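Chemist: Would you be able to build a 3D model of this:
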Amino acid sequence: MKTLFLIVGLGALMSVAARPNTLALREYQWKQRTEVQRKGETKNVQLALVRFDNNGRIQTTPISGTPEPDLPKFGLRKRIAEKKFKEFKETVQQLGDLARSYGELSPEQMQRFMATASVKPELTMHEQLIRAEGHNVLHTGDTMTVWLDATTRKQRRIEIETFFDGKPARIFSDFRDLPQGGPTFMAYSRVNYDEGAITIITENFDHTRLSSGFRG
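Modeler: Numbering: from 1, shown residues only. This is a model prediction of the structure:
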């Protein structure tokens, strides 16, 4: 009975509480740092200013970034280098889309997740959590695990094990609360693809509340 109560409570929370939290985040803008690594070596770092527009869509304004790499300028080497660089950029973009797809589950997909999820309390040195683990969430063979604070029911972590182009992809996201009762936000996210062949690290920080004149 206790497990059933956790499943019902968690499902209700994840489907209902997400919208008010997102609406509260629309009152803020923040900085976002994205780092792309290839086999452990940093290839690109971008810093942007992020906020929602009046239609609830995320808007990013670049602040600074790593310049494009110097590629060979002539002949076959040029064509090969350009092809590899284009494929690398496309893979990074697709991995970002994959991570976002798990963060934007529809109510129906979330209901399917909760219908089969294994839910149990979990105690760490610093937190009392509720842990829910489900399988086949978006793709056959994937696993998604969600941790919520057992007291506040706020989201704390998500781990996803899935596949892209036949190779393993692992997504980890850490969530925090803004001060003074502010909304929960994703503070850190890491996408690890093909055993570290590509890693994407995203950090959100420096949130500031917008005045009404700056929204939209």
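Chemist: What strands flank the host helix or strand of Gly134, and is each parallel or antiparallel?
Modeler: Counting by DSSP states H and E, the element that carries Gly134 is strand 128-135. Paired neighbours of strand 128-135 in the sheet (DSSP bridges): strand 118-123 (antiparallel), strand 143-149 (antiparallel).
Chemist: so how far is the first one from its chain's centroid?
Modeler: Relative to the centre of its chain, strand 118-123 is centred 22 Å away, using Cα atoms, centre = their mean, to the nearest Å.
Chemist: again with stretch 66-74
Modeler: 30 Å.
Chemist: mean confidence for that stretch?
Modeler: The average pLDDT within stretch 66-74 is 78.
Chemist: ok so, going back, winner for burial among the strands paired with strand 128-135?
Modeler: Sort the strands paired with strand 128-135 by mean neighbour count, taking mean count of other Cβ atoms under 10 Å, and strand 143-149 sits at the top with a mean of 19. Placement of C-beta: from N, CA and C, glycine included.
Chemist: Can you tell me what sits against the following helix or strand past that one?
Modeler: Sequence-wise, the next helix or strand downstream of strand 143-149 (DSSP H and E) is strand 155-164. If you take Cβ atoms under 8 Å, 6 or more residues apart in numbering as the criterion, strand 155-164 is touched by 14, 94-95, 98-99, 102-103, 127, 129, 137-139, 141-149, 168-175, 184, 193.
Chemist: by how many degrees do strand 155-164 and strand 143-149 diverge?
Modeler: Using axes from the mean of the first three to the mean of the last three Cα atoms, to 10 degrees, the direction of strand 155-164 lies 170 degrees away from that of strand 143-149.
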